[in-house]
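Visitor: give me coordinates for this.
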Amino acid sequence: MPPQKDPYTYTTGFSNTHSLSTTRLPPSIAAKTDPENPPPSFLPLRGNNPHTHPHNLFTEQLSGTSFTCPRHLNARTWLYRIRPSVGHTPFVPARLQNENLLLSSFTNLGDERLCATPTQLRWSPFEAAKGAMWLESLRTLAGAGETQLKNGVAVHVYGFTRGMEHSAFYNSDGDLLFIPVKGALKIRTEFGWFWVGVGEVFVVQRGVKFAVFPGGAGGDGEDVGATGYVVETFSGMHFQLPELGPIGSNGLADPKDFLFATPDWEEVVYPLTVEGSSSTSISIPSFTLYTKFLGQIHKATQLHSCFDVPAYSGNYLPYKYPLEKFCPMGNTSFDHADPSIFTVLTLPSPSLGAGTALVDIALFPPRWLCAEGTFRPPWFHRNVMSELMINIKGEYDAKSKNDESGGFPEGACSLHGMNAAHGPDVGSWRGEMGRVERVGGDKPGKAGEGSLAVMVETGVQLVTTRWAVEGAQTGYWRCWEGFEGVVEGGVWSEGKK
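Guide: Sure, this is the predicted structure:
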């Protein structure tokens, strides 16, 4: 999984209330503090909103659900800041280079930027845009619904080489789930730093401020760049762990393996003078704050960094999850279990029907298959859900890494819309049909050795963007040509054409 070393420290526990404080004093506070008798913590000694904070910090609550949301779903965090968030100029349109390629409303099929198609689609790996920062590199592949009524989902791609220096972003439209496929990310949030490598996912919720930097191939080198996918959910609720039902109390994603940031503040005021190239000085007039609101990117300026939080307490927090920690389940006798047993995170949607998710994030890791007399690869399928598959690493066990249309290499993705027929390609099917004879019996075997794939499944119909359709592989459908063969005695043999 992630080959680089993560330089940051974390606390653990999905849905826990985390109360953390740094011991490092900001300069403005240190100057007013008796070094012989410092207060014990930046957290209040009683309650959440004291009249006077021990270090004269500002108290601010970030709500992730309505106040009256059921207690087991209620999400909020108290932040203790050096300066309040409200101190910024009015927002104005940002006019970034991708403003016509980043979409958040998919209900108007007359929008020329949309291109609805029931055809199965696949994309080769996307490249990083040289000189672009993460926010301006985002391009929308597909989506459904809209942000205004908190009902829908979108899938975007990113590819960038430049970090978000002296700036931050928060999303007013929904939560974001990052899936890196090339190059690690360093993400600074109000709550602290995250290092997110290939083979990990990262979730940052609606309203949380953050900045994204390339993590480099083995250090901090920004010339390497980073590419990946972002799943955006327009919902009043947030990702949950799936119910385990008869599985019991253990298995799949363990709550203790979800990692949360520890406070790491900065006290930076603007205008700021920094050292530039050739020993020259550069003046940075202000800190830029970006937001996406009803699908449009806006920006404001302020005279302080928003990463000025020495302490926080709550359960509405960004987190990351190393996919190698997932404990897969499977059949041990016969037949093929539904892929829902590979669900890492789910976002239920009662409006779609009982047991139906707005978004499921499912993982296909290396795993042992031992079901006897069973077709072991993913079956041929026509689904009531929409499936977007991302190959992170290695070769997925139902698609060839290379074929005449471009194949399914690392970083590629495919979209099989609602009721679109799909399944293993001819090469994968033929390999399975000859497996018993090839290995000398119906023996257990390890699937996906060295591979890792993630499926984004949604209960809504996804409409693709015109940009995505025009950039898709041509001839993807040809990977299913050649099924004129017949099965005789369990061995594939070529039929007449």
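Visitor: so in terms of bridging, what pairs with K320?
Guide: Partner residues in beta bridges with K320, using DSSP bridges, are F202, L259.
Visitor: look up how far W193 lies from it.
Guide: 11 Å (Cβ to Cβ, to the nearest Å). Where C-beta positions appear, they are placed from N, C-alpha and C, glycine not excepted.
Visitor: higher neighbour count, these two?
Guide: Shown here are K320 and W193; by other Cβ atoms under 10 Å, K320 has more neighbours (24 against 20).
Visitor: tell me the pLDDT at the more buried one?
Guide: pLDDT recorded at K320 is 98.
Visitor: per-residue confidence for the nearest residue to S405 once chain neighbours are set aside?
Guide: Excluding its sequence neighbours, the residue lying closest to S405 (Cβ to Cβ, 6 or more residues apart in numbering) is G475, at 4.0 Å. Here the pLDDT value assigned to G475 is 91.
Visitor: is it true that G475 touches E404?
Guide: Yes - in this structure, G475 is within contact of E404 by Cβ atoms under 8 Å, at 6.6 Å.
Visitor: let me see the mean pLDDT of the longest strand along the chain.
Guide: Ordering each strand of the chain by length in residues (DSSP state E) puts strand 151-162 first. Summarised as a single mean, pLDDT over strand 151-162 is 97.
Visitor: same deal with stretch 230-237?
Guide: 96.
Visitor: pull the contacting residues for P7.
Guide: W195 (Cβ atoms under 8 Å, 6 or more residues apart in numbering).
Visitor: who's in contact with the residue lying closest to S351 once chain neighbours are set aside?
Guide: Spatial nearest neighbour of S351, excluding adjacent residues (Cβ to Cβ, 6+ apart): N151 at 7.2 Å. In this structure, N151 makes contact with 145, 234-235, 351, judged by Cβ under 8 Å, 6+ apart.
Visitor: shaky segments in this protein?
Guide: Scanning the chain with the threshold set as pLDDT under 70 gives 1-3, 38-40, 216-223, 277-278, 484-497.
Visitor: if you set the cut-off to 50 instead, what comes out?
Guide: Confidence mapping of the chain against pLDDT under 50 gives the ranges 1-2, 217-222, 495-497.
Visitor: L369 reaches P328, doesn't it?
Guide: No - using Cβ under 8 Å, L369 makes no contact with P328, being 10.5 Å away.
Visitor: if I look at W477, how far off is E470?
Guide: Counting by Cβ to Cβ, the gap from W477 to E470 is 17 Å.
Visitor: again, but for D308
Guide: Per Cβ to Cβ, D308 is found 44 Å from E470.
Visitor: next one: F307
Guide: 39 Å.
Visitor: just G215 next, same as before
Guide: Using Cβ to Cβ, one gets 31 Å for the distance from G215 to E470.
Visitor: returning to that earlier point: W477 and E470: which is more packed in?
Guide: W477 (13 against 9).
Visitor: on the three-state scheme, that one is what?
Guide: Going by DSSP: H, G, I helix; E, B strand; the rest coil, the secondary structure assigned to W477 is helix.
Visitor: can you pull the contacts of D175?
Guide: D175 is in contact with 203-206, 232-233, 235, 238-239, counting by Cβ under 8 Å, 6+ apart.
Visitor: let me see the ranges of the helices in the stretch 1-150 of the chain.
Guide: Secondary structure of the stretch 1-150 of the chain (DSSP state H, counting those that start in this stretch): helices at 27-30, 134-137.
Visitor: tally of neighbours for K446?
Guide: If you count neighbours by other Cβ under 10 Å, K446 ends up with 11.
Visitor: so it makes contact with P365?
Guide: No - the criterion here is Cβ under 8 Å, and K446 misses it with P365 at 10.8 Å.
Visitor: find the residues that touch each one of these two.
Guide: With Cβ under 8 Å, 6+ apart, K446 and P365 have no common neighbours.
Visitor: still on that earlier bit, ok, so of the contacts of D175, who is nearest V157?
Guide: Within those, proximity to V157 (Cβ to Cβ) peaks at E232, which comes in at 11.8 Å.
Visitor: so that closest one makes contact with V155?
Guide: Yes - here E232 reaches V155: they are 7.5 Å apart, a contact under Cβ under 8 Å.
Visitor: could you say which helix or strand holds G427?
Guide: helix 426-433 (DSSP states H and E).
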